[in-house]
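[1] Fold the following and give me the result.
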Amino acid sequence: MSKLVITDLHVTVDTEDGPKEILKGVTLTIKDGETHAIMGPNGSGKSTLAYSIAGHPKYTITGGSVTLDGQDVLSLSVDERARAGLFLAMQYPVEVPGVSVANFLRTAKAAIDGEAPKLRTWVKDVNGALEALNLDSSFSQRSVNEGFSGGEKKRHEIAQLELLDPKVAVLDETDSGLDIDALKIVSEGVNRFRAREGKGVLLITHYTRILRYIEPDHVHVFVDGKVAESGGKELADELEANGYDRYVKAATA
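    Numbering: from 1, shown residues only. Model prediction:
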């Protein structure tokens with residue numbers, strides 16, 4: 001059993017004009033076996049939520065709480081959050097020149113598990129994860145994200161997800177920049193993770209396209225730093241047809 005509980009979360013970011021509130025009281029509960037999709041226009045605070053959960057130092061928590069299986073996430077360092085079972089797939093994965101994918105993955109796995117994986121089985125696991133994402137085994141010798149295409153970066157993120165096996169995955173616009181073939185491959189990887197016992201997914205996206213392949217249990221409309229409405233998959237279909245306009249107007253009224 002795993003449960004991520006976000007309660008009345010308020011977050012600010014420093015600007016030239018002083019602190020600016022981005023999240024204005026977000027409350028969400030993601031139980032194991034559930035996939036929650038957060039949809040909203042640009043600048044609504046979706047990525048801020050993802051990075052705040054992960055512990056990015058740019059964002060200041062001014063109120064509320066985040067717990068994972070009852071443990072206070074906000075009191076943990078970034079690496080402690082990963083060890084507790086949180087995973088963030090970034091919208092813009094950063095390049096790490098000189099560090100191979102193989103070394104990066106093994107070091108990350110050792111840090112999370114507290115011991116290095118057995119080399120023979122680990123190489124097999126890595127090659128299997130890469131193959132499932134249509135990545136050649138030679139991919140593991142390349143520097144992390146250096147010279148990767150957009151699709152390769154996103155597939156590498158999902159390879160990490162499969163191998164590190166967290167409790168809850170936060171996927172920040174994993175579909176951005178993907179063509180239809182890459183989107184299907186990435187979605188299949190996410191669905192393999194979802195099928196494991198006790199896993200939760202928080203999927204952040206602008207578009208319903210990825211939701212055709214990763215079916216959410218809950219959809220939340222995110223506007224002006226908070227959840228404006230929640231529903232089932234039918235809510236995503238309504239957004240596809242009518243957009244966010246009525247929610248934006250309501251938030252600014």
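
[2] where in the stretch 101-250 of the chain is pLDDT low?
    Within the stretch 101-250 of the chain, not a single segment meets pLDDT under 70.

[3] Ala116: neighbouring residues, count only.
    For Ala116, the tally of surrounding residues (other C-beta atoms under 10 Å) stands at 12. Just so you know, the C-beta spots here come from the backbone N, C-alpha and C atoms, and that holds for glycine as well.

[4] ok, now the one 4 residues further on?
    Residues contacting Arg120 under the criterion other C-beta under 10 Å number 8.

[5] can you check Lys249 too?
    10.

[6] host element of it?
    helix 245-252 (DSSP states H and E).

[7] Quick one: distance of that helix to the chain centre.
    Computed by C-alpha atoms, centre = their mean, to the nearest Å, the chain-centroid distance of helix 245-252 equals 26 Å.

[8] Also stretch 104-114?
    Using C-alpha atoms, centre = their mean, the offset of stretch 104-114 from its chain centre is 19 Å.

[9] Glu21 versus Thr7, what's the distance?
    Going from Thr7 to Glu21 by C-beta to C-beta, to the nearest Å gives 17 Å.

[10] ok, now Ala250?
    From Ala250 to Glu21 the distance is 18 Å (C-beta to C-beta).

[11] Could you do Glu115 as well?
    In terms of C-beta to C-beta, Glu115 sits 42 Å off from Glu21.

[12] Counting neighbours, what do you get for Asp125?
    The number of residues packed near Asp125 is 16, by other C-beta under 10 Å.

[13] which residues does it contact?
    By C-beta atoms under 8 Å, 6 or more residues apart in numbering, Asp125 lies in contact with 117, 163.

[14] which ones are touching the nearest residue to His218 once chain neighbours are set aside?
    Closest residue to His218 apart from its sequence neighbours, by C-beta to C-beta, 6 or more residues apart in numbering: His36 at 4.7 Å. For His36, the contacting residues are 28, 30, 200-203, 216-220, by C-beta under 8 Å, 6+ apart.

[15] And those residues, which is closest to Thr62?
    Comparing these against Thr62 with C-beta to C-beta places Leu28 closest, at 17.7 Å.

[16] Phi and psi next, for the closest one.
    phi -150, psi 150 (degrees, to the nearest 10).

[17] repeat for Pro216
    Backbone geometry at Pro216, expressed as degrees, to the nearest 10, gives phi -80, psi 150.

[18] how many neighbours does it have?
    23.

[19] Surely it touches Met39?
    No - checked against C-beta atoms under 8 Å, the pair Pro216 and Met39 is beyond contact range at 9.4 Å.
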